[in-house]
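Enquirer: This is a predicted model, with the sequence first.
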Amino acid sequence: MTDFQEQDSTQAFMFRDKRADSELIMIAFRGTPPFDAEAWSTDIDLSWYEVPNVGRVHGGFMKALGLQKIQGWPKEIEQRENKPQVAYYMLREKLREMLKMNENAKFIVTGHSLGGALAVLFPFVLAYHEESWMLDKLEGVYTYGQPRVGDERFGEYMKQQFCVHTVQYVRSVYSNDMVPRLPYDDSVQLFKHFGTCLYYNSLYEGEIVEEEPNKNYFSLFMVVPKILTALWELIRGFIIPYVKGPDYQEGWFLKVFRVIGLILPGLPAHSPHDYVNSTRLGSPTLLLELENSTHPNPKLD
């Protein structure tokens, strides 16, 4: 739940992999449902939330995670049983219980789209609340199609926190996906990405970069290349099951969505389908390159 919308609008999943001597806990934040007006209102809310000594953060994403109307981010709040639970506080409590049950337990946070933004902000609020012992248990933050969430000062703060707690942070971007290129990184809006970017082209070939190409999406020079890429992605949807196998068959809805991409290139590219394909078809050596990368990543430097 969010305190601003006063309804269940933020969804996350927690699951774990039990082994003999350790335990891996996964927190996955759901992205923006295509027909959820409340979720879309979160995405287009470009208000800033100023965090003292940290920087400025996307107000809509902070509200989605659990920012309180009057108190901001109190360390504890009263959760009433007859009301929907606030996302951050409920997840933190459940995670705290699981981590205390097993001293060897670690956790990973992930998400797509809006979920990717929340995956970054969840450890931020843990750091803000000085939950150092929990951050020491955080193994990695992995996002897919994540929009920008804060300004440059916020990025530096998060890089420092991830360095102190040896957290690996990687954000994956597929082709011309417009969402990771928004909100703008310019002198007016001041949003900036930070950390390592894993960029996949329309052939699902990946490379490690500091910033995805065409970082602000809207460019006259890129109009024709983006339309040609969208046309290729439409054609690829028909031939990929014959080349890679029936598991890669695309449904009719996605094919229609790709037709829309000829008018709005970069919109169908935000589909989770292409991110799943990127991880399945991308080079297995890319992960080894990531471990040895010299690009700025707190855990890998």
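Expert: Structure received.
Enquirer: Please identify the buried residues of the helix or strand containing Tyr89?
Expert: Per DSSP states H and E, Tyr89 falls inside helix 87-101. Of the residues in helix 87-101, 87-92, 95, 98-99 count as buried by neighbour count, 16 or more other C-beta atoms under 10 Å. Glycine gets a C-beta too; all of them are placed from N, C-alpha and C.
Enquirer: can you check stretch 71-79 too?
Expert: Of the residues in stretch 71-79, Trp73 count as buried by neighbour count, 16+ other C-beta under 10 Å.
Enquirer: Let's have the buried residues of helix 87-101 in a markdown table, adding pLDDT.
Expert: Formatted as a markdown table, the buried residues of helix 87-101 follow (pLDDT from 0 to 100):
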| residue | pLDDT |
| --- | --- |
| Ala87 | 91 |
| Tyr88 | 94 |
| Tyr89 | 94 |
| Met90 | 93 |
| Leu91 | 96 |
| Arg92 | 96 |
| Leu95 | 96 |
| Met98 | 91 |
| Leu99 | 93 |
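Enquirer: Columns distance to Gly60 on top of those residues, output as a markdown table?
Expert: Listed next are the buried residues of helix 87-101 as a markdown table, based on distance: C-beta to C-beta, whole Å:
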| residue | distance to Gly60 |
| --- | --- |
| Ala87 | 13 |
| Tyr88 | 15 |
| Tyr89 | 19 |
| Met90 | 20 |
| Leu91 | 19 |
| Arg92 | 21 |
| Leu95 | 24 |
| Met98 | 29 |
| Leu99 | 29 |
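Enquirer: Just give the number of residues close to Asp274.
Expert: 22 (other C-beta atoms under 10 Å).
Enquirer: Same check on the one 5 residues further on?
Expert: Neighbourhood size, Thr279 [other C-beta under 10 Å]: 18.
Enquirer: Identify the bridge partners of the closest residue to it other than its chain neighbours.
Expert: Nearest non-adjacent residue to Thr279, counting by C-beta to C-beta, 6 or more residues apart in numbering: Ser172, 7.6 Å away. Beta-bridge pairing of Ser172 under DSSP bridges involves Tyr144, Leu198.
Enquirer: hang on, isn't Ser172 packed against Tyr204?
Expert: No. Between Ser172 and Tyr204 there is no contact under C-beta atoms under 8 Å: 11.4 Å.
Enquirer: Report the set of residues contacting both of the two.
Expert: Jointly contacting Ser172 and Tyr204 under the rule C-beta atoms under 8 Å, 6 or more residues apart in numbering are Ser278.
Enquirer: Many thanks, we can stop here.
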